[in-house]
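Novice: sequence-free structure coming up:
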């Protein structure tokens, strides 16, 4: 294992209870290759395989964080909700720990609109100049609490994550299905009763013990912090003054600066695209305004030819009208006078 990655031993895994699986009657046959043995009808996970796969997962997490990637922590069970939120906040990442709303990834447009409403409510409550009644304040606070529970961990995410870290794949099956639909890689703690098919990076282990969940969260957050520190060093920032306690604040500042740079690049790219479109439009208009070969010979523009066509059409109509009047006059002249009938005396 490299020195930059967080260190752990098999003894720490045993003390945290990572090796305990579910009863053998609840075992998923696809997880049999990760099981060492069974004792008292309980499956025992092979910790050598867990250690190797966990090391590989930590390397992947570190690389994603080094490249300014977004990592989403997902765990809605009671024993995992607090550790997930703490570890995500510690490393400046994003989390869902209350309830996974349907379409949280696949219907990101509507979710982003509700995040905007949450931010508006927070701004309204923070503004002291605006005077609200007690009832109005209570209504706003209740709405804010509801939105904060569901969307508070992803309100600053700003787009799709680059990796989804899941605890308990059976409970978070909806999140896994949405991530798979969007081709987002999934890293998960997979217990003996779970299906490992849809998971890109499998970590076999106990997903029910509070100690084991805290250990996973600590290792993942440490790997993310080490990756972001390397990125900060590469960008020329001095990390010697940064402590582990104030790491989240420094990470947020660094992310803001990086996001501003990315926004500037996007604006520049959009300006270039707009310029290209205007040039294309001007070229097409110039081609349309150029006289055709017949116009070049006569020296007349297309607008002059159109006006001439209109005048010629008017003359044709007038001439046709005159011809019709002449025909009517001729018919009147050629009519024979009717003979008057006389009665016999």
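Specialist: That came through, no problem. Computed from a predicted structure; not experimentally measured. Residues are numbered from 1 along each chain as shown.
Novice: so how far is the helix or strand harbouring residue 85 off the chain centroid?
Specialist: For residue 85, the element it lies in under DSSP states H and E is helix 78-90. Centroid separation for helix 78-90 versus its chain: 23 Å, with CA atoms, centre = their mean, to the nearest Å.
Novice: Ok, stretch 22-29 next?
Specialist: Centroid separation between stretch 22-29 and its chain, computed with CA atoms, centre = their mean, is 36 Å.
Novice: Tell me where the stretch 51-200 of the chain has helices.
Specialist: Secondary structure of the stretch 51-200 of the chain (DSSP state H, counting those that start in this stretch): helices at 78-90, 108-126, 134-151, 173-181.
Novice: Quick check: which of the ones you listed is nearest to residue 207?
Specialist: helix 78-90 (7.9 Å; CB to CB). In short, each C-beta sits where N, CA and C put it, glycine included.
Novice: circling back to that earlier point, output the helices of the stretch 51-200 of the chain in CSV; the columns should cover mean pLDDT and distance to residue 239.
Specialist: Formatted as CSV, the helices of the stretch 51-200 of the chain follow (pLDDT from 0 to 100; distance: least, CB to CB, whole Å):
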stretch, mean pLDDT, distance to residue 239
helix 78-90, 92, 16
helix 108-126, 89, 31
helix 134-151, 89, 32
helix 173-181, 94, 32
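Novice: so which of those is the most packed in?
Specialist: helix 78-90 (a mean of 19; mean count of other CB atoms under 10 Å).
Novice: helices and strands around that helix, which ones?
Specialist: Here helix 78-90 touches strand 71-74, strand 94-96, helix 210-234, helix 247-289, going by 3 or more CB pairs under 8 Å, 6 or more residues apart in numbering; DSSP states H and E.
Novice: Identify all contacting residues around stretch 275-282.
Specialist: For stretch 275-282, there are no external contacting residues (CB atoms under 8 Å, 6 or more residues apart in numbering).
Novice: Distance from the chain centre to it, please.
Specialist: 30 Å.
Novice: And for stretch 94-110?
Specialist: Averaging C-alpha positions (CA atoms, centre = their mean) puts stretch 94-110 10 Å from its chain's average.
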